[in-house]
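Enquirer: sequence first, then the predicted structure:
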Amino acid sequence: MRPLRILTWQVHGNYLYYLTHAPHEFHVLSKPDRPAGYGGRNGNLPWADNVHDCPVEHVREQSFDCVLYQSLPHFQQDRLEILGEAQRRLPSIFLEHDPPLAHPTNTVHPAADGVALIVHVTHYNALMWDCRRTATRVVEHGVRVPDGIHWTGEIARGVAVINHLQRRGRRLGADVFERWRADVPLDLFGMEAAASGGLAELPYQRLLPAIARYRFFAHPVRYTSLALAICEAMTIGLPVVGLATTELPRIIAQSGGGYVDNELSRLIAVSRDLLRDRGAAEELARGARAYARERFAIERFAADWDAVFREVCGT
C-alpha cells in the first residue's frame with residue numbers, strides 16, 4: 001500500500017518526530033518567521049526524508065489524504081482560514097495531547113462534533129474527556145532513544161525535565177518541586193529552566209546522556225498527560241519518583257520501575273533512600289527499562305498510528 005500524504009502542524013516537536021516513524025509522508029505547515037505551531041520541519045531533531053516543510057501560502061495547491069489537527073486554534077481557525085474547501089472535506093483526526101484543562105470530568109471535547117476522529121495519548125485522558133458520540137481511539141506513546149545510552153546513576157541527585165515550570169505553576173507542580181528540592185538535591189532541565197533555579201534546556205541529542213547519570217527521575221506534576229520525558233527516561237533506565245496522578249500510577253504499578261505517592265514526605269523519604277542506596281535504584285532501573293522498551297517501543301507506536309491513518313482513510 002502506498003504511503004499516505006498527511007497534513008499536520010508542529011505542536012510538540014518530539015512527539016511529531018516520533019509520529020513520523022509511521023510509514024507515511026508528513027507535510028508540516030510553516031510560516032516564514034516560524035512562530036509557535038508553524039515551525040514546519042525546523043529545530044534540531046533528526047527529521048527523516050518523509051517529513052516535508054509545507055508553507056502556509058502554498059497549502060491549497062497540494063493534495064493530501066488526511067489532515068491531522070493537534071491543537072484547538074488549528075482545528076477551529078486554520079481549518080476554515082488556511083485550508084481549501086476540498087481539504088476541509090478530507091478524512092480528519094484530532095490528536096488530543098492533554099487531559100481536559102477546564103473541568104476534569106465534565107468538559108466536552110471541542111472536536112466532539114463528528115468532524116474528526118479523536119485520538120488520545122493515554123487511557124486516562126480518554127476517560128476524562130467527554131467526547132459524546134464522536135469516535136475515539138487511544139495510541140499510547142512510543143519513543144526512540146539513541147543506542148548506547150543507559151542509566152548509570154553515578155550522580156547522587158534527582159533530575160526533572162519540565163518546560164516552562166515557573167510559568168505553568170501549580171498544575172505542573174512548581175510549588176511541589178520547590179518543597180521537594182528544599183530537602184533533596186534536584187536538578188531541572190527544560191525550556192526556561194533557569195527561571196525556576198534549574199540548569200538549562202538541552203537539545204534532544206544531549207538531554208538523554210545528561211539525565212542518564214542521575215540517580216532518579218523526579219516528577220512533581222499534579223495534572224498533565226503522561227510526559228514523553230518520562231517515557232524516554234524509563235527507556236534508558238531511570239527510576240521514576242512522582243505524584244500518584246493521571247496515568248503515572250498505572251505505569252509504575254505495571255513496571256515496578258519507581259514509586260508514586262501523593263504525600264510529599266513519602267516522596268522525600270524514598271528519594272533519600274535512593275540517594276543513599278544506588279543498588280536499590282539499580283533494581284528499579286532494571287524494571288523501568290525492561291517495561292519501557294516494550295510498552296513504549298517505537299515500532300509498536302508507528303504500527304498503531306499506521307492502523308489509525310489507514311482506518312480513517314479507508315485503505
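Expert: Structure's in. What do you need?
Enquirer: domains of this structure?
Expert: Domains of the chain are assigned by automatic domain parsing as 5-142+298-313, 155-295.
Enquirer: ok, the spatially most central residue of the chain - contacts?
Expert: For the chain, residue 228 is the residue whose C-alpha lies nearest the centre (C-alpha atoms, centre = their mean; 3.7 Å). For residue 228, the contact set (C-beta atoms under 8 Å, 6 or more residues apart in numbering) comprises 12, 14-15, 18, 141, 143. The C-beta positions use only the backbone N, C-alpha and C, and glycine is treated the same way.
Enquirer: next, the buried residues of stretch 159-176.
Expert: Neighbour-count burial for stretch 159-176, counted by 16 or more other C-beta atoms under 10 Å, picks out 159-163, 165-166, 172-174, 176.
Enquirer: one step back: quick one: which of the domains of the chain is nearest residue 148?
Expert: Of all the domains of the chain, domain 155-295 sits nearest to residue 148, with 9.0 Å by C-beta to C-beta.
Enquirer: need the distance between the two termini of the closest one.
Expert: 27 Å (C-alpha to C-alpha, to the nearest Å).
Enquirer: which SS state does the nearest residue to residue 76 once chain neighbours are set aside fall under?
Expert: Using C-beta to C-beta, 6 or more residues apart in numbering and skipping the chain neighbours, the partner closest in space to residue 76 is residue 110 (6.9 Å). Look at residue 110: counting by DSSP: H, G, I helix; E, B strand; the rest coil, its state is coil.
Enquirer: now render the domains of the chain as JSON lines, adding mean pLDDT and distance to residue 148.
Expert: As requested, those are exported to JSON lines (pLDDT from 0 to 100; distance: least, C-beta to C-beta, whole Å):
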{"stretch": "domain 5-142+298-313", "mean pLDDT": "96", "distance to residue 148": "15"}
{"stretch": "domain 155-295", "mean pLDDT": "96", "distance to residue 148": "9"}
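Enquirer: which of these sits most buried?
Expert: domain 155-295 (a mean of 19; mean count of other C-beta atoms under 10 Å).
Enquirer: and that domain, how far from the chain's centre?
Expert: 14 Å (C-alpha atoms, centre = their mean, to the nearest Å).
Enquirer: for the closest residue to residue 130 other than its chain neighbours, give its distance to residue 131.
Expert: Leaving aside its sequence neighbours, residue 130 sits nearest to residue 108 (C-beta to C-beta, 6+ apart; 4.8 Å). Remark: distance between residue 108 and residue 131 (C-beta to C-beta, to the nearest Å) = 8 Å.
Enquirer: likewise residue 174?
Expert: Noted for residue 174: a distance of 30 Å to residue 131, by C-beta to C-beta.
Enquirer: how about residue 203, what does it touch?
Expert: Residues near residue 203 by C-beta under 8 Å, 6+ apart: residue 44.
Enquirer: show me where the protein has its strands.
Expert: Assigned by DSSP state E, the strands in the chain fall at 5-8, 25-30, 51-55, 66-69, 92-96, 117-120, 136-138, 155-161, 186-189, 214-219, 240-242, 258-260.
Enquirer: out of those strands, which comes closest to residue 250?
Expert: strand 258-260 (9.7 Å).
Enquirer: partners of that closest one in the sheet?
Expert: Here strand 258-260 is paired, per DSSP bridges, with strand 240-242 (parallel).
Enquirer: wouldn't residue 80 be in contact with residue 74 here?
Expert: No - if you go by C-beta atoms under 8 Å, residue 80 and residue 74 don't touch, sitting 10.6 Å apart.
Enquirer: quick check: longest helix of the chain.
Expert: helix 278-295 (DSSP state H).
Enquirer: and that one, what does it pack onto?
Expert: With contacts taken as 3 or more C-beta pairs under 8 Å, 6 or more residues apart in numbering; DSSP states H and E, helix 278-295 sits against strand 214-219, helix 228-235, helix 248-255, strand 258-260, helix 264-276.
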